[in-house]
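Enquirer: quick check, what structure comes out for this input:
(chains A and B)
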There are 2 protein chains.
Amino acid sequence: MIKIGLLGLGTVGSGVYEIIRDKKDKLKKATGKNIEISKILVRDKNKDRGLNIDQSILTENADEIINDPNIDIIVEVMGGIDKAYSYISKSLKNGKHVVTANKAVISLHIDELHNLAKENNKGLLFEASVGGGIPVIKGLKEAIKINDVDNIKGILNGTTNFILSKMCDENLSFDEALDLAHKLGYAEADPTDDVEGYDAARKISILASLAFNTNASISDVMCRGITSISPLDIKNFKLMGLVAKLIGSATIDGNEFSASVEPILVDESAPFASVKDAFNIVSVEGCTVGELQFYGQGAGKDPTANAVVTDIIDIINESYKEYEYICNDSIKSGGTKLFKGNYYMRVSPNNVNEIPKIVNNLNKSGLEFKVIESDKDLVLITEQISSDQMEAIMNDLDLPQNSYSYLRIESNNISSIHDIDFGNTDSFAM
Amino acid sequence: MIKIGLLGLGTVGSGVYEIIRDKKDKLKKATGKNIEISKILVRDKNKDRGLNIDQSILTENADEIINDPNIDIIVEVMGGIDKAYSYISKSLKNGKHVVTANKAVISLHIDELHNLAKENNKGLLFEASVGGGIPVIKGLKEAIKINDVDNIKGILNGTTNFILSKMCDENLSFDEALDLAHKLGYAEADPTDDVEGYDAARKISILASLAFNTNASISDVMCRGITSISPLDIKNFKLMGLVAKLIGSATIDGNEFSASVEPILVDESAPFASVKDAFNIVSVEGCTVGELQFYGQGAGKDPTANAVVTDIIDIINESYKEYEYICNDSIKSGGTKLFKGNYYMRVSPNNVNEIPKIVNNLNKSGLEFKVIESDKDLVLITEQISSDQMEAIMNDLDLPQNSYSYLRIESNNISSIHDIDFGNTDSFAM
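Expert: Numbers count the residues shown, from 1 in each chain, chains lettered A, B, ... in the order given. I've put the predicted structure just below:
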């Protein structure tokens, strides 16, 4: 009998509880063991959860679980940062395996917690922290066994993907799409974490750390959200056959890596463009296996709980031992210089007389670009330029907030400004 | 030291040899063991392979490998059926683990070979037999640990996907696209196995067997290829916003499953539509995890060899034991009755006077349908109908070979004949 202590009985916790309750036979077959949730940490023991749980296993005191010598595995699905971190850390020290869905804690403490797990000869798994039900961490760990993985990227946030899908497919403005996301429960009351890209940044920092054997912290991830994308941009993207997606990317060259979360333009026929609404996708590029993509539900009770239970199985079967995370301190962030591409850029100044001045400043920067529209809004495509150079140029332009957008183009059809069909420029920016 | 006997040193065999030679450190880290290829079966010992292999490990006699008590794992990548089957079977009996890329042998003998492996307490893995480098068999086995997987489908053949991509994107005819595939090495001298769907049928039979705990033989897979799709069809598909893909599908209801390989029309914005050229994709639908998709290179030396070496790692780490295939004899094919949808149908009779007769016969069958064009070619969309009923109707029509095509529509936008935009019917079939 394997005894599990569950920290948290919210959406994901309830899902984990239900799977372990309802899939006893499958889990027995997969592990050879009976699995039981023996204690559950809740905030309020008396709240009715409609789960028909034996009240005696509920506790409001985490120590009762973490210090229980009979409990083998701690499953942390309570969310938050400080308390969760402290419980995970104590559990490992107490010689318990830990499974968590907590991207914030893992992103902040990936190296330290792995070391703690290793010292105590225990497993630390967190499949549910990235991509919900998609087995992307396992897929990445498998790839790394044979491959150097030099590139990894993904649509990692369902809320922003839902908003961009609605802006693109139903011509909603950002605000209208956000309202809809709120109504349908796809967005938090305060959507900052999602729309500014911070949620995706935590996830790409975890993936980059595993892929590159480094400790990519959230401050290593250049982060730009989607709030500046306007209906005019969306119209222009369509004319170019491109789709905007908020993509977390990480790439490595030698001992330096670049990581970012930013809206990127992809071909409308590319696999990433087909990822709609709250689905996620992750692409892993290995030196022998080539590109692999993993797609599925990036959030939601059952898919996320499924990922947690998969980790529990891997703990029991000891297959977590097959992959060891070793942080190589010589591998460091090199800013965003490894990302390179043509950029789409739009500036909508309050006064159109500003446009010649902006064009003039851009010319002075030495950047080559092709202006598509310059009557009311300035719309242009730049030459191929590295991300850090583009950021510097945009900084120097010092444009008023919310008056501009710029997105890197990752297209198989566009590799230079001459590939844009300028025969159609009359249609742009009208 | 783990000793491997390699049967075959063609494209995949050379790839396996190179990975094991060049990735010693990674493999040591992943398994804790040193891995060595100690004997290789070749047809001609004296052929120069440019691999700088110690000639003394080459043999033309399979028994020298299969009966070698020092060899732990047999890797069969020689292809063919009878000999390969006999070697795999003997190796298991001799107490050796087996890794194979042989879809034909696995599809034919999945139950028997698993039983042999079990009796001898050895592993039998075949990740490379489906989807090249894509970890789809592992992904499926992982999903099954928790989920009932009731639906599985995929683009499983690179040759036909290349041909359809070229027909669709570059307006080539089937013959022109096949010629191009020949020139680029994407098609065999005799392309029958690919274009008629037999290759994909072997793969979906393997996936269905694993997903449903059954022995889905190739004769359980209704198989229709892509040779009948005409440039006129491609034009019509585009007008409807649909893309034709050769898809292997399997679904189960109770104790009956349906399996097929056939061209299917998907939305041009769907993930499957974005899979171009020789890439593959597999979709697995689980009851808790929802839909997962796995995408990558479906063939080629390095990706396929990568899958073989992944299996070798899983044999050494004994993680193959986590999943057990048990064939449940009560689960049987129920023909294709579980597949249902609207169908696109085109008939191009030699004599247009045939058209009213065909329409009349269709009316007599009781099928509801909407004619889009009937001047020169007959083009129509049927009501939702099950696949077995549609096959019966097409049989009864008894049309001359190569004069017609029909494809089921799997669309989120079209669920009845009224969803087709008939305002545009003037553009059809011109």
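
Enquirer: check whether stretch A:89-106 contacts chain B.
Expert: No. If you take C-beta under 8 Å from any C-beta of the partner chain as the test, stretch A:89-106 misses chain B, and the best it gets is 13.8 Å. Glycine gets a C-beta too; all of them are placed from N, C-alpha and C.

Enquirer: end to end, how far does that stretch reach?
Expert: 11 Å (C-alpha to C-alpha, to the nearest Å).

Enquirer: return the distance of that stretch from the chain's centre.
Expert: For stretch A:89-106, the separation from the chain centroid amounts to 20 Å (computed by C-alpha atoms, centre = their mean, to the nearest Å).

Enquirer: how about low-confidence regions in the stretch 1-150 of chain A?
Expert: Within the stretch 1-150 of chain A, no stretch falls below the threshold (pLDDT under 70).

Enquirer: near chain B, which residues of it?
Expert: Within the stretch 1-150 of chain A, the residues that sit near chain B (C-beta under 8 Å from any C-beta) are A:15, A:19, A:23, A:26-27, A:29-30, A:133-135, A:138-139, A:142, A:144-147.

Enquirer: what about 7 Å?
Expert: With C-beta under 7 Å from any C-beta of the partner chain as the criterion, the stretch 1-150 of chain A meets chain B at residues A:I19, A:K23, A:K26, A:A30, A:G133, A:I134, A:P135, A:G139, A:E142, A:K145, A:I146.

Enquirer: just the ones of those residues in strands?
Expert: Residues from these lying in strands, with DSSP state E as the criterion: none.

Enquirer: distance check, A:I206 against A:A104.
Expert: A:I206 sits 10 Å away from A:A104, going by C-beta to C-beta, to the nearest Å.

Enquirer: ah, wrong one, I meant A:N46
Expert: Using C-beta to C-beta, we find A:N46 at a distance of 29 Å from A:A104.

Enquirer: which of those two has more neighbours?
Expert: Per other C-beta atoms under 10 Å in any protein chain shown, whichever of A:N46 and A:A104 has more neighbours is A:A104, with 19 against 8.

Enquirer: so the more buried one makes contact with A:G79?
Expert: No. Using C-beta atoms under 7 Å, A:A104 makes no contact with A:G79, being 8.2 Å away.

Enquirer: what's the helix or strand for A:N215?
Expert: Assigned by DSSP states H and E, A:N215 belongs to neither a helix nor a strand.

Enquirer: got phi/psi on it?
Expert: Here is the backbone geometry of A:N215 (degrees, to the nearest 10): phi -120, psi 80.

Enquirer: what's the spacing between the residue nearest to it when sequence neighbours are not counted and A:F212?
Expert: Leaving aside its sequence neighbours, A:N215 sits nearest to A:D111 (C-beta to C-beta, 6 or more residues apart in numbering or on different chains; 4.5 Å). For A:D111, the distance to A:F212 equals 13 Å [C-beta to C-beta].

Enquirer: contacting residues around A:V149?
Expert: For A:V149, the contacting residues are A:L140, A:A143, A:A211, A:V284, A:E285, A:G286, by C-beta atoms under 7 Å, 6 or more residues apart in numbering or on different chains.

Enquirer: so what's it bridging to?
Expert: A:G286 (DSSP bridges).

Enquirer: in a helix, A:A84, correct?
Expert: Yes. Under DSSP: H, G, I helix; E, B strand; the rest coil, A:A84 falls within a helix.

Enquirer: quick check: A:T100 touching A:M78?
Expert: No. Assessed by C-beta under 7 Å, A:T100 is found out of contact with A:M78, at 9.3 Å.

Enquirer: measure the most far-flung residue of chain A relative to its centre to A:S374 for me?
Expert: No residue in chain A sits farther from the centre than A:N353, which is 40.0 Å out by C-alpha atoms, centre = their mean. Separation of A:N353 from A:S374 (C-beta to C-beta): 12 Å.

Enquirer: do the same with A:C168
Expert: From A:C168 across to A:S374, the span is 25 Å (C-beta to C-beta).

Enquirer: more neighbours, the two?
Expert: Taking neighbours as other C-beta under 10 Å, A:C168 and A:S374 compare with A:C168 leading, 21 against 16.

Enquirer: distance between stretch A:149-167 and the chain's centre?
Expert: The answer for stretch A:149-167 is 7 Å, by C-alpha atoms, centre = their mean.
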